[in-house]
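>>> Sequence below, structure please.
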Amino acid sequence: MSRSFWEVGCRTSSSKVSQPRHLGEAVSFVYFSILFIKINYAKFNSDEIRQILHDHFDAEFDARFVGSKDAIDCVPLDCLGPWHQQHADGHEKLSAQALRMGDITLPIYAFKDQFSTFVPYMCCLPNVRLSNVIGHVFLDLVEEYGCVPIQLTTDKGSEVGDMVRCQECLR
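Coordinates of the predicted model:
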């Protein structure tokens, strides 16, 4: 009696053959099946395992092959020099949930220069979601360095409203 590869190992609780839904599931099954066989019965090297996977899932390998997808066009950064473009964003990675120290949070707001990748200003604030707080931080940056960036790049969050208005007035 000849049984297919899937009939040998892929059985559900109702003893019907269960086909894999996607490559990841299939590769996991094949990998662990080969690992089981390798440990208990035979010796396989990585080339043989790769060949088995190609025999059964060649179309999926072709779809994931490097160069088979449209690549993103890489272009050089277009920046005139320091303080031409400043990027600003808030980071709440050190929130109460992440720190697990009760109600303690460390929300951070930072500015980064695109030309030099230097971070001229970074601070911890009680709340990085308030527009007036972020506007004040931007004015602190301008006061500390004595210059205003030509272009300010931010996300479109509600907290950047006052900062954008300050940038427009100062430029």
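
>>> what about Met122, which helix or strand?
Assigned by DSSP states H and E, Met122 belongs to strand 121-124.

>>> what's in contact with that strand?
Strand 121-124 is contacted from outside by 106-111, 137, 140-141, 144-145, using Cβ atoms under 8 Å, 6 or more residues apart in numbering. In this view, the C-beta of every residue, glycine as well, is placed from N, C-alpha and C.

>>> And those residues, which of them are buried?
Neighbour counting by 16 or more other Cβ atoms under 10 Å classes 107, 109-111, 137, 141 among the contacts of strand 121-124 as buried.

>>> So which of these belong to strands?
109-111 (DSSP state E).

>>> what ranges of this structure fall below the confidence cut-off?
Applying pLDDT under 70 to the chain flags residues 1-44, 64-65, 67-69, 71, 97.

>>> Out of the contacts of strand 121-124, flag the one nearest to Thr154.
If you rank those by distance to Thr154 using Cβ to Cβ, Phe111 comes first, at 9.7 Å.

>>> Phe138 against Ala88, yeah?
Yes. At 7.4 Å, Phe138 counts as touching Ala88 under the criterion of Cβ atoms under 8 Å.

>>> what residues are shared contacts of those two?
By Cβ under 8 Å, 6+ apart, the residues touching both Phe138 and Ala88 are 111, 152, 163.

>>> Save those as a markdown table, and put in distance to Val66 too.
Shown next, in a markdown table, are the shared contacts of Phe138 and Ala88 (distance: Cβ to Cβ, whole Å):
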| residue | distance to Val66 |
| --- | --- |
| Phe111 | 37 |
| Leu152 | 37 |
| Met163 | 41 |
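
>>> Now tabulate the contacts of strand 121-124 in a markdown table and tack on distance to Leu130.
What follows is the contacts of strand 121-124, written out as a markdown table (distance: Cβ to Cβ, whole Å):
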| residue | distance to Leu130 |
| --- | --- |
| Leu106 | 16 |
| Pro107 | 10 |
| Ile108 | 14 |
| Tyr109 | 11 |
| Ala110 | 16 |
| Phe111 | 17 |
| Val137 | 10 |
| Asp140 | 15 |
| Leu141 | 17 |
| Glu144 | 21 |
| Tyr145 | 23 |
